[in-house]
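Colleague: Generate coordinates for the sequence data below:
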Amino acid sequence: MWKKASKFLPVLGLCMLAGCAPAESGGEQMDYEMTKKMVVDILKTDDGKKAIQEVMSDDGMKEKLVLDQSVVSDTVQNTLVSDKGTQFWNKQFKDPKFAQSMAKSMKTENEQLLKDMMKDPEYRGMMIEVMKDPELEKELVEVLKSKEYRKHMQSVVTETFDSPLFKAKVQDMLIKAASEVPDKQQGGSGDSGGGGGGGESGGGPSPGGP
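Modeller: So this is what the prediction gives:
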């Protein structure tokens with residue numbers, strides 16, 4: 001690691017010389033902003049970038065830079081469950097744009113989670129028990145009777161009827177039903193024809209007649 005870190009020595013030496021040069025020549029010390037700008041310019045060069053990449057690729061340096069996973073986990077958990085963290089998230093979710101963005105980003109995960117939970121017998125049993133609650137049943141009935149719910153259902157039905165997929169399915173059902181009607185009519189006409197023939201044969205003169 002020190003071998004790779006030694007690549008920074010020329011850069012640091014150049015920075016030190018740059019900081020001391022004005023004092024030797026002009027008698028004025030280079031201020032902080034000029035020194036910072038020079039260091040930044042040096043680090044932006046190809047040699048500076050290459051030196052940084054080589055140092056950062058060292059395993060020992062990675063171990064020192066990467067934080068302990070347990071420390072990160074505890075810090076995040078303590079931050080989220082703290083009073084300040086709760087207040088922060090409550091405030092953020094009151095923002096419609098933030099709530100919409102969060103919902104969109106988690107839509108796929110939430111849908112998959114719900115599908116997995118519905119496959120769980122324990123979760124289904126719990127949902128059944130919840131639905132049997134008289135208070136919840138009463139609330140559901142009130143919701144179903146409300147104008148808002150009826151308006152929502154009307155909108156859903158309208159959107160369903162306007163769906164090209166739904167129209168295609170209905171069309172296929174009508175075509176199938178129409179193709180089955182002639183077969184039934186032909187079968188019925190055949191039966192009636194046979195009955196008529198029997199009546200005519202029965203109405204003819206008997207062999208013993210005049």
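
Colleague: for this structure, what are the low-confidence residue spans?
Modeller: 1-30, 64-70, 182-210 (pLDDT under 70).

Colleague: what about the helices in it?
Modeller: 2-5, 8-25, 32-43, 46-56, 59-65, 69-81, 83-93, 96-105, 107-118, 121-131, 134-145, 147-162, 164-202 (DSSP state H).

Colleague: could you redo these as TSV and give each row mean neighbour count?
Modeller: (Glycine included, C-beta is placed from N, CA and C.) Shown next, in TSV, are the helices of the chain (neighbours: other Cβ atoms under 10 Å):
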stretch	mean neighbour count
helix 2-5	12
helix 8-25	12
helix 32-43	12
helix 46-56	13
helix 59-65	11
helix 69-81	10
helix 83-93	11
helix 96-105	10
helix 107-118	10
helix 121-131	10
helix 134-145	10
helix 147-162	10
helix 164-202	9
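
Colleague: For Glu180, see how far away Phe166 is.
Modeller: 22 Å (Cβ to Cβ, to the nearest Å).

Colleague: what do you get for Val76?
Modeller: Taken as Cβ to Cβ, the span from Val76 to Glu180 is 64 Å.

Colleague: Could you do Met56 as well?
Modeller: Met56 is 74 Å from Glu180, by Cβ to Cβ.

Colleague: what's the answer for Tyr123, then?
Modeller: 43 Å.

Colleague: do Phe98 as well
Modeller: 56 Å.

Colleague: Kindly report the same for Thr108.
Modeller: Distance from Thr108 to Glu180, by Cβ to Cβ: 42 Å.

Colleague: can you check Lys44 too?
Modeller: Taken as Cβ to Cβ, the span from Lys44 to Glu180 is 78 Å.

Colleague: Next: Lys37.
Modeller: 85 Å.

Colleague: What of Glu159?
Modeller: From Glu159 over to Glu180 (counting by Cβ to Cβ), the distance is 30 Å.

Colleague: Next: Lys84.
Modeller: On the measure of Cβ to Cβ, Lys84 and Glu180 end up 69 Å apart.

Colleague: ok, now Met34?
Modeller: 91 Å.

Colleague: Over to Asp116?
Modeller: Counting by Cβ to Cβ, the gap from Asp116 to Glu180 is 42 Å.

Colleague: and if you look at Lys132?
Modeller: 43 Å.

Colleague: Likewise for His152?
Modeller: 37 Å.

Colleague: now do Lys115
Modeller: 37 Å.

Colleague: With Ser163 instead?
Modeller: Taken as Cβ to Cβ, the span from Ser163 to Glu180 is 25 Å.

Colleague: With Met131 instead?
Modeller: 40 Å.

Colleague: Check Lys97 too.
Modeller: 54 Å.

Colleague: Equivalent analysis for Val72, please.
Modeller: 67 Å.

Colleague: do Ser155 as well
Modeller: Taken as Cβ to Cβ, the span from Ser155 to Glu180 is 34 Å.

Colleague: go on, Leu114?
Modeller: Taking Cβ to Cβ, one finds Leu114 at 40 Å from Glu180.

Colleague: swap in Arg150?
Modeller: From Arg150 across to Glu180, the span is 36 Å (Cβ to Cβ).
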